[in-house]
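Visitor: no FASTA, just this:
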């Protein structure tokens with residue numbers, strides 16, 4: 001899916017457009033995906049990395065549940081991320 005940034009109100013403020021482009025690429029994880037695909041990784045390596053990341057996320061969720069100033073929405077989002085991976 002291409003990322004298209006258009007100038008608003010027929011003004012070409014290059015700095016603003018570059019900032020908008022950077023935000024759009026950050027949201028779409030374009031840079032992270034490109035870095036991840038830069039070199040080939042064996043499927044077993046990917047599995048191991050995903051397993052480590054899942055465990056790390058589970059630990060973080062457990063520690064956040066113990067704190068009282070974290071909203072349940074944040075924890076729910078993290079649990080959803082855990083189920084997607």
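Guide: Sure, I can see it. This is a predicted model, so every value here is computed, not measured.

Visitor: okay, now residue 79: neighbour count?
Guide: 13 (other C-beta atoms under 10 Å). For every residue, glycine as well, the C-beta is placed using N, CA and C.

Visitor: tell me which residues of the helix or strand containing it are tucked away?
Guide: Remark: residue 79 resides in helix 72-84, with elements defined by DSSP states H and E. Residues of helix 72-84 classed as buried by neighbour count (16 or more other C-beta atoms under 10 Å): 75, 78.

Visitor: and if you look at stretch 26-37?
Guide: Buried, per 16+ other C-beta under 10 Å, within stretch 26-37: nothing.

Visitor: average pLDDT across it?
Guide: Averaged over stretch 26-37, pLDDT sits at 87.

Visitor: Over to stretch 51-69?
Guide: 89.

Visitor: what does that stretch contact?
Guide: Contacts of stretch 51-69 from elsewhere in the structure, counted by C-beta atoms under 8 Å, 6 or more residues apart in numbering, are 70, 74, 75, 78, 79, 81, 82, 85.

Visitor: now the helix holding residue 79, how far from the chain's geometric center?
Guide: Distance of helix 72-84 from the chain centroid (C-alpha atoms, centre = their mean, to the nearest Å) equals 13 Å.

Visitor: name the helices or strands packed onto it?
Guide: helix 43-66 (3 or more C-beta pairs under 8 Å, 6 or more residues apart in numbering; DSSP states H and E).

Visitor: I'd like to check the angle between the helix it packs on and helix 72-84, please.
Guide: Following axes from the mean of the first three to the mean of the last three C-alpha atoms, to 10 degrees, one obtains 160 degrees for the angle between helix 43-66 and helix 72-84.

Visitor: Which residues belonging to helix 43-66 are considered buried?
Guide: Of the residues in helix 43-66, those buried (16+ other C-beta under 10 Å) are residue 61.
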